[in-house]
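Q: Predicted structure and sequence below. I'll ask about it afterward.
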Amino acid sequence: MKKYKFAKAKKRRDKRGFLVDFLKLDEVGEGEKTLGQIYFVTFDKKGSVRGNHYHKTKKEWFVAVEGKLKVILEDISTKEKVEFILKGSSDIYERVYIEENIAHSFISLTKKAKMINYCNRPFHESDPDTFIYKLI
């Protein structure tokens, strides 16, 4: 499947706090270097699910900024499935890049969880490019 990338976000700390590199321009593919949309996503209770869909043209980066999330990805053409945990805490911030035609779902494993989502195309009600695909 390898239409996704999992990585730890780089964190720098000093006496004022810390700074986490969510995404750098050189990490974004050549055709994706225009801003689409950035979302702040919350999960307000353990077991909350988001996603359960795929996109035909959108590519996305997600980084956990609080809590733990189980991530489920499935290539809609091969049905190959991958599951892993995305963590966001003051010690570690993990992120995942997801290409088009990869169904994705996130379930909160903690009481609260938060993530930031960068998408290479903006959402438009008239052309949402979001297709339901039940994973959880």
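A: Looks like it came in fine.

Q: Now do the same contact list for the closest residue to Asp44 other than its chain neighbours.
A: The shortest distance from Asp44 to any residue other than its chain neighbours is 6.5 Å, reached at Lys112 (Cβ to Cβ, 6 or more residues apart in numbering). C-beta: built from backbone N, CA, C; applies to glycine. Residues in contact with Lys112 (Cβ atoms under 8 Å, 6 or more residues apart in numbering) are 42-45, 66-67.

Q: Dump the residues you listed to TSV, plus pLDDT.
A: Shown next, in TSV, are the contacts of Lys112 (pLDDT from 0 to 100):
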residue	pLDDT
Thr42	98
Phe43	98
Asp44	98
Lys45	98
Glu66	95
Gly67	96
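
Q: quick revisit: how about the residue nearest to Asp44, phi and psi?
A: phi -130, psi 150 (degrees, to the nearest 10).

Q: Can you name every helix or strand that the longest strand along the chain contacts?
A: Identified as the longest strand of the chain according to DSSP state E is strand 60-75. Strand 60-75 is packed against strand 37-43, strand 81-88, strand 94-98, strand 102-108, strand 113-119, with contacts defined by 3 or more Cβ pairs under 8 Å, 6 or more residues apart in numbering; DSSP states H and E.
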